[in-house]
Each structure stands twice: as structure tokens, then as C-alpha cells.
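1. Provided below are the primary sequence and the corresponding predicted coordinates.
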Amino acid sequence: MRLVKNKGRVLTWSLALWPVYIAGLLGIAPYIVPFLDGYIPRWMIIAILALSPLGRVIEQRKLKEPANGDEA
């Protein structure tokens, strides 16, 4: 196992992290816009978080690093 050199690319393009970002935004939305309180059900946020492992299984060619470790 190696550490990823370009962390920004991984955090932006990783399909496993997008459901976490969306669930986080939906979770804090009622605090930003008060009339959304009670409008976004808690089960929806949990269902979106459940999609995260599916994004981890999908092959993501944009995130692969060259074998020698140089930037492509």
C-alpha cells in the first residue's frame, strides 16, 4: 500500500467520496436554511451514505498513478 501523491485529485474525483460530500451538505442544510428543517428525512442521508461503498468498487481510471510514480 502506498500513499497517494496527489490528494486533491483523489478528493475531487473519487466516486466513493461524493456520497459523503452530498450527505454532509444535506445534513448541514437545515442549519443554513432553517425552513429545510424536517424537509430532508434522515433516512435519505443514510441511504446516500450507503452508496459510498458502491463508488469504491467501481474502477476509476482517472485516479491511477503511473507505475514509476511520476506524474502523467
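-> The structure has been received and is ready for your questions. Numbering: from 1, shown residues only.
2. rest of the way, CA atoms for contacts and neighbours
-> OK.
3. Closest to the centroid, which residue in this structure?
-> Taking CA atoms, centre = their mean, the centroid of the chain lies closest to residue 17, which sits 1.6 Å from it.
4. For residue 37, see how far away the closest residue to it other than its chain neighbours is.
-> Spatial nearest neighbour of residue 17, excluding adjacent residues (CA to CA, 6 or more residues apart in numbering): residue 52 at 6.5 Å. Separation of residue 52 from residue 37 (CA to CA, to the nearest Å): 24 Å.
5. chain center to the least confident helix or strand in the chain by mean pLDDT: distance?
-> Sorting the helices and strands of the chain by mean pLDDT, DSSP states H and E puts helix 7-13 at the bottom, at a mean of 76. On the basis of CA atoms, centre = their mean, to the nearest Å, helix 7-13 is displaced by 10 Å from the centre of the chain it belongs to.
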